[in-house]
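S.K.: what's the 3D shape of this:
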Amino acid sequence: MNSQEKIVKIPEVIAYARVSSRKQAENSAALDRQIARLKAAGAELVSADTESGREGKEDQRSNFQQLMQWVRGGLIKRVIITRLDRLSRSLPTLRKVLTEFQESECVL
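M.R.: Prediction:
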């Protein structure tokens with residue numbers, strides 16, 4: 001490893017928060033409340049997006065995509081959310097995501 005490479009430790013317990021719009025993030029405390037609840041539940045890191053959870057929008061949520069890469073790679077053991085619809089509002093997408101958690105043996 002050269003001096004420019006960094007070793008990044010991914011916490012074992014990560015939380016995910018999402019609000020649907022910038023307006024909701026800026027004009028209400030919805031995101032802040034989610035983050036506070038997740039930290040109180042033991043999250044070492046809270047990843048958050050401001051984007052719709054509707055089908056097809058998951059690709060636009062960069063922090064969600066990163067989280068799912070870590071899940072698929074077996075790099076995290078537990079993910080905390082406040083509600084299932086924070087992952088997706090689309091039932092087919094939610095089923096797919098939950099299957100990925102099960103296959104990766106990551107506790108949701």
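S.K.: now the helices for the protein?
M.R.: Per DSSP state H, the chain has helices spanning 22-27, 30-40, 62-72, 91-103. These are given in chain order.
S.K.: between the ones you listed, which gets nearest to residue 47?
M.R.: Within these, the stretch nearest residue 47 is helix 62-72; the backing value is 4.3 Å (CB to CB). From N, CA and C alone the C-beta is placed, and that goes for glycine too.
S.K.: Need the contact partners of that closest one.
M.R.: Counting by CB atoms under 8 Å, 6 or more residues apart in numbering, the neighbours of helix 62-72 from elsewhere in the structure are 10, 14, 16, 18, 47-49, 58-59, 76, 79, 87, 97, 100-101, 104, 106.
S.K.: Only the buried members of these: can you turn that into a PyMOL selection?
M.R.: Selecting in PyMOL just the buried members of those, where the criterion is 16 or more other CB atoms under 10 Å, is done with this command:
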select buried, resi 14+16+18+47+48+49+58+76+79+87+97+101+104+106
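S.K.: so of the contacts of helix 62-72, which ones are in strands?
M.R.: Within these, residues falling in strands by DSSP state E are 14, 16, 18, 47, 48, 49, 79.
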